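Engineer: next come a sequence and a model predicted from it.
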Amino acid sequence: MSEASSKAVIEIENLDLVFQTADTPVHALADIDLTVNAGDFVSFIGPSGCGKTTLMRVIADLEKPTGGHISVNGMTPEEARQKRAYGYVFQAPALYPWRTVEKNIRLPLEIMGLSGDEQKARAARNLAMVNLEGFEKKFPWQLSGGMQQRVSIARALSVEPDLLLMDEPFGALDEITRDHLNEQLLNLWDTTKKTVIFVTHSIPEAVFLSSKIVVMSPRPGKIIDIIESSLPRVRNLDIRETPEFLEISHRVREGLRSGHSYDD
Ligand SMILES: Nc1ncnc2c1ncn2[C@@H]1O[C@H](COP(=O)(O)OP(=O)(O)OP(=O)(O)O)[C@@H](O)[C@H]1O
């Protein structure tokens, strides 16, 4: 195996997905080719309905493709799911209101059958990762939306996956909170060296966070551009004022414009 292929975490070739609905079939993904390497931060960006979530769900084995090939860590998505190869962060925090922050994080670890001590240690370690030390005994409803989303990131991290799948995790938050969480997430990515796949509608968010930006267009959902970012891995928000940042943003916008139809 070559060095390049040994570093590939996700390999997708010629992938297709058609949803059979009561009336007409929906061609959600067409001819998708994509390689994600270990340590990449990959964003999927595109208008509503272009298949971002569906593609992420295929990687997570929550949807089955109708054609083509996909491997996750060299396995089928189903095997990867069974081996807990990834953590998944949803659009809404999806925390149980009757469980404390710590108990929410421990839930997947209980299911995995880890000892109580190990569960406690992992909860503490991952809460520290998202700067929420000391919040173990709070209930979700006592926290702000941004803090709740950080708890759900800590929960996804606690199963210690190398791959983190994040479906528009900060979409519902105000801009300042979102900026702050973007910086924290980038720090976390840099220190843990995880591979991240991130769905967003926001051009600045995609450009700020990513090492690779996948621009998609709808009907059928396909990839129209893949941009390898030239920005340094360690960045802070000031980078958004630089010519390099604006140049990449411009290319993303051009891609989105070329794939956009104003008929809807
Ligand atoms: N279970 C399903 N059954 C039928 N059609 C579906 C199903 N899930 C998604 N679709 C359709 O597939 C297409 C892609 O949807 P998807 O949710 O992946 O898009 P998206 O880019 O993530 O959109 P958004 O940004 O609005 O979340 C859309 O036309 C959607 O209506």
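Structural biologist: Thanks, I have the structure now.

Engineer: only C-alpha atoms for contact and neighbour calcs from this point on.
Structural biologist: OK.

Engineer: the protein: strands as residue ranges?
Structural biologist: Remark: strands assigned in the chain by DSSP state E are 8-19, 26-37, 41-45, 67-72, 86-89, 163-167, 195-200, 212-217, 222-228.

Engineer: by average pLDDT, which secondary structure element in this structure comes out worst?
Structural biologist: helix 3-6 (a mean of 46; mean pLDDT, DSSP states H and E).

Engineer: could the strands of the chain be laid out in a markdown table, adding mean pLDDT and mean neighbour count?
Structural biologist: Below are the strands of the chain laid out as a markdown table (pLDDT from 0 to 100; neighbours: other CA atoms under 10 Å):
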| stretch | mean pLDDT | mean neighbour count |
| --- | --- | --- |
| strand 8-19 | 96 | 18 |
| strand 26-37 | 96 | 19 |
| strand 41-45 | 97 | 26 |
| strand 67-72 | 96 | 18 |
| strand 86-89 | 88 | 22 |
| strand 163-167 | 93 | 23 |
| strand 195-200 | 96 | 24 |
| strand 212-217 | 96 | 24 |
| strand 222-228 | 96 | 19 |
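
Engineer: distance to the ligand added to those strands, as TSV?
Structural biologist: Below are those laid out as TSV (distance: least, CA to the nearest ligand atom, whole Å):
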stretch	distance to the ligand
strand 8-19	5
strand 26-37	4
strand 41-45	8
strand 67-72	15
strand 86-89	14
strand 163-167	8
strand 195-200	8
strand 212-217	8
strand 222-228	10
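
Engineer: can you list those strands in a markdown table and add distance to Ala206?
Structural biologist: What follows is the strands of the chain, written out as a markdown table (distance: least, CA to CA, whole Å):
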| stretch | distance to Ala206 |
| --- | --- |
| strand 8-19 | 19 |
| strand 26-37 | 16 |
| strand 41-45 | 6 |
| strand 67-72 | 23 |
| strand 86-89 | 17 |
| strand 163-167 | 12 |
| strand 195-200 | 7 |
| strand 212-217 | 7 |
| strand 222-228 | 11 |
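
Engineer: contact partners for Val214?
Structural biologist: Val42, Ser43, Phe44, Ile45, Ile223, Ile224, Asp225, Ile226, Ile227 (CA atoms under 8 Å, 6 or more residues apart in numbering).
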